[in-house]
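**Q** Fold the stuff below for me.
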Amino acid sequence: MFTILQIQNPVLSPGTGSFTSHSIEIFIICLVMFLLGWFLHHLIYYARQKNLIAELEANLKSARTRINDLEGDLDSCNSAMVNVKGENASLSTKLARLEEDVKTGKPVELPPLAVSADLSTEEDIVSSLAADIVGSGGTGFDADGAKAVFGRKIKEDDLKIVEGIGPKTEQLLNNSSIHTWRQLGNTSVPQLQSILDKAGDRFQLLNPSTWPKQARMAADGEWVKLREYQDYLVGGVEPEGQAPPSNPDSSTAHYIMGKRITNDDLTIVEGIGPKIQELLHQNGINTWASLADTSVGKLQEILHAAGDRYRIHNPSTWPKQAGMAHEGKWDLLKEYQDFLDGGKEPG
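**A** The predicted model follows:
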């Protein structure tokens, strides 16, 4: 048996050995290769399964963290709801007492006016109350103006318009009875810092030093001023050693028109290019005001006199556009130019 299984050396003794010994040798080699392939297959499969298990465990951990956050948010909502229900019950009780006093003819005693520590005079109190009335919709919310400056739809009293405030922080402020831009603008920075400190570590790192100022700009509809101020801020905080913009209204045209505008630049008028602007300058039309006061007929004469290359232009809307630019009605000019087709009214 040992002689049959003995592997021959083909160099020393070629051609020796029986058919059976050769068959066994081939079988053993194939068996070894099969076992080696089977082992490598399972090794690779195990590695893949291990990576898949690790990925699933990471996803499970992330989901659990998300669930914990949602449960915390739910607890905050439930707490806020309980507080609201308590306040509602208290107000209902007071209202019932007042109604009873009115029925019985008993003099009604109004509760004392709560005066903030920041308000020291009656004028301040009146101003604050008036500001709250205005903030609740007294002046109206210019959604189109906000969209023109920020390039996206802005909802009224969305606290997230303030740089530095995200959804979680907005919810925290809402739970602290700060729901509008005006209310946030009338809240002092120490009060905001106290709210953040009480909310835990995740909020204590925030810096609310500019939030009231930004909120007042939003409440007053000063969108360009707010946009420029936010461009100056770094993460919602004023950078040290750098002065804020001194003339926040100087770039109104830039934000609405989407480019820098030079005063009395006639090429802002759709249909007027550098060559036509030069031609108008040669005819004493150098400003938006002078272009606005020039009749369409006069402009047509100037173009016809300049040759064939200018006659094809239609100046029918140029004075109207120039008048909007001269009066600083950039939002109206932008809307009108979006309506125009090559500087002409369609139809």
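**Q** contacts, neighbours, all on C-alpha from now
**A** Fine.
**Q** how close does residue 292 get to residue 269?
**A** 11 Å (Cα to Cα, to the nearest Å).
**Q** These two: which has the busier surroundings?
**A** Legend: neighbour count by other Cα atoms under 10 Å for residue 292 and residue 269, higher for residue 269 (23 against 20).
**Q** thought the more buried one was touching residue 318?
**A** Yes: with contact defined as Cα atoms under 8 Å, residue 269 reaches residue 318; the gap is 6.3 Å.
**Q** anything in contact with each of the two?
**A** Common contacts of residue 269 and residue 318 (Cα atoms under 8 Å, 6 or more residues apart in numbering): residue 343.
**Q** Which stretches in the stretch 201-347 of the chain count as helices?
**A** Applying DSSP state H, counting those that start in this stretch to the stretch 201-347 of the chain gives helices spanning 201-204, 211-219, 223-232, 252-257, 274-282, 288-292, 296-305, 308-311, 318-326, 330-339.
**Q** Out of these, name the one with the poorest average pLDDT.
**A** Of all the helices of the stretch 201-347 of the chain, the minimum mean pLDDT falls on helix 252-257 (a mean of 69).
**Q** which intervals of the stretch 101-250 of the chain have sub-threshold pLDDT?
**A** The model of the stretch 101-250 of the chain has pLDDT under 70 over residues 101-140, 241-250.
**Q** ok so, going back, closest one to residue 149 among the helices of the stretch 201-347 of the chain?
**A** helix 252-257 (5.4 Å; Cα to Cα).
**Q** Secondary structure element holding residue 74?
**A** helix 19-104 (DSSP states H and E).
**Q** Pull the distance from that helix to the chain's centre.
**A** Centroid displacement of helix 19-104 relative to its chain, using Cα atoms, centre = their mean, to the nearest Å, is 29 Å.
**Q** and what of stretch 173-190?
**A** 20 Å.
**Q** List the buried residues of it.
**A** 173, 175, 178-187, 189 (16 or more other Cα atoms under 10 Å).
**Q** Stretch 333-347 too?
**A** Buried, per 16+ other Cα under 10 Å, within stretch 333-347: 333-334, 336-337, 343-344.
**Q** Kindly reformat those as JSON lines containing distance to residue 57.
**A** Formatted as JSON lines, these follow (distance: Cα to Cα, whole Å):
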{"residue": "333", "distance to residue 57": "57"}
{"residue": "334", "distance to residue 57": "54"}
{"residue": "336", "distance to residue 57": "57"}
{"residue": "337", "distance to residue 57": "56"}
{"residue": "343", "distance to residue 57": "61"}
{"residue": "344", "distance to residue 57": "63"}
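**Q** Please determine how far residue 94 is located from residue 300.
**A** The separation that residue 94 has from residue 300, given Cα to Cα, amounts to 75 Å.
**Q** circling back to that earlier point, the buried residues of stretch 173-190 in strands, which ones?
**A** Members of those lying in strands (criterion: DSSP state E): none.
**Q** Pipe the helices of the stretch 201-347 of the chain into CSV and attach distance to residue 31 per row.
**A** Listed next are these as CSV, based on distance: least, Cα to Cα, whole Å:
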stretch, distance to residue 31
helix 201-204, 63
helix 211-219, 76
helix 223-232, 73
helix 252-257, 77
helix 274-282, 86
helix 288-292, 94
helix 296-305, 96
helix 308-311, 90
helix 318-326, 90
helix 330-339, 79
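**Q** so which of these comes closest to residue 165?
**A** Of all these, helix 211-219 comes closest under Cα to Cα, at 8.2 Å.
**Q** Endpoints of stretch 308-323, how far apart?
**A** For stretch 308-323, the end-to-end distance is 28 Å (Cα to Cα).
**Q** got the contact list for it?
**A** Contacts of stretch 308-323 (Cα under 8 Å, 6+ apart): 266, 269-271, 276, 288-289, 291-296, 299-300, 303-304, 333, 343-345.
**Q** List buried residues within those residues.
**A** 266, 269-271, 276, 288-289, 291-292, 294, 296, 299-300, 303, 333, 343-344.
**Q** and of the buried residues of stretch 333-347, the nearest to residue 47?
**A** Using Cα to Cα, these come closest to residue 47 at residue 334, 61.1 Å.
**Q** Now do the domain split for the chain, please.
**A** Following automatic domain parsing, one finds the domains of the chain at 22-95, 124-250, 254-339.
**Q** Next, the contact list for residue 279, please.
**A** Neighbour list for residue 279: residue 306 [criterion: Cα under 8 Å, 6+ apart].
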